[in-house]
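Q: based on what follows, work out the 3D shape:
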Amino acid sequence: MDTKALYDIAVALLLGLSAVGSGVGDGLVMSKYVEGVSRQPEASGSIFASSLLGVALVEAFPVIALAFGIIMLFTVGTL
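A: This is a model prediction of the structure:
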């Protein structure tokens, strides 16, 4: 295999695994949010704010992976 094909496979794995990981992470954060609100409904506002922060942090990883993937795709052969 040539170098370009290996880079394409690496980028596909990078983006695919980061998307799957982000989906699992979002599901965990929101399930814990629902669990927390069901235990203490009066604290739903602060729990919601914390869960939004958690989702934002989880969603940052695929964006970073996308940036690395774009860098990898456009720098093939320049290293």
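Q: okay, CA-based contacts and neighbour counts for the rest of this
A: Will do.
Q: helices and strands around the top helix by length along the chain, which ones?
A: Among the elements of type helix in the chain, defined by DSSP state H, the one spanning the most residues is helix 3-39. Here helix 3-39 touches helix 44-74, going by 3 or more Cα pairs under 8 Å, 6 or more residues apart in numbering; DSSP states H and E.
Q: pLDDT weak spots in the protein?
A: In the predicted model of the chain, residues 77-79 satisfy pLDDT under 70.
Q: of all residues in it, which one is nearest the centre?
A: Taking Cα atoms, centre = their mean, the centroid of the chain lies closest to residue 22, which sits 3.3 Å from it.
Q: any idea how far residue 15 lies from residue 22?
A: Using Cα to Cα, to the nearest Å, one obtains 10 Å as the distance from residue 15 to residue 22.
Q: neighbours of residue 17, how many?
A: Here the neighbour count serves as a burial measure; for residue 17 (other Cα atoms under 10 Å) it reads 14.
Q: quick one, what contacts it?
A: Contacts for residue 17 were tallied using Cα atoms under 8 Å, 6 or more residues apart in numbering; there are none.
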